[in-house]
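>>> coords please:
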Amino acid sequence: DSRAVIPASYTWTTDSVNEWRVDGYDLDNEAATHAGKVIVRESGSLFQTLLGAAGDRFGYSVALSADTLTLLVSSHHANRTRGKVVVYHRSTTVDQFTIKQFLTKTEEEQHFYFGMTIAMTPNG
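Residues are numbered from 1 along each chain as shown. I've put the predicted structure just below:
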């Protein structure tokens, strides 16, 4: 499988698998200033919108698993620029994505920007 690992350099603001496309807008102000948002589309039609929190820059990097059931979204300005990655999951492709877990850096170092680039295996 040529998608054994998605290189981090290719996981920026857009990822697509078959008819699914995920676009991140990390400077979007819809929810709050620089909260960011992620738009999930199926065959070009809006499927789901995910919103970040103020200043988090949610959606800077996105990665979608090959089966389209797992979605990673960076939020590298979260927690006073320590950063985090939000892991979303769904059971089937007709389900909406829900938060499964948050990945964070354990040290309290500010300006680390954890999650600025992300990668995952095809099956999430």
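
>>> use CA for all of it now, contacts and neighbours both
Will do.

>>> pass me the low-pLDDT residue ranges in this protein, would you?
1-12, 81, 107-111 (pLDDT under 70).

>>> show me where it has helices.
Taking DSSP state H as the criterion, the chain contains helices spanning 78-81.

>>> any idea which residue sits dead centre in it?
residue 73 (1.4 Å; CA atoms, centre = their mean).

>>> ok, the nearest residue to that residue once chain neighbours are set aside - contacts?
Excluding its sequence neighbours, the residue lying closest to residue 73 (CA to CA, 6 or more residues apart in numbering) is residue 62, at 4.7 Å. Residues near residue 62 by CA atoms under 8 Å, 6 or more residues apart in numbering: 11-15, 22-24, 71-74, 118.

>>> next one: residue 62 from residue 27, what distance?
14 Å (CA to CA, to the nearest Å).

>>> then residue 123?
According to CA to CA, residue 123 stands 29 Å off from residue 27.

>>> please apply the same query to residue 55.
Distance, residue 55 to residue 27, by CA to CA: 9 Å.

>>> the two: who's more crowded?
Counted by other CA atoms under 10 Å, residue 55 and residue 27 do not tie: residue 55 has more neighbours, with 22 against 18.
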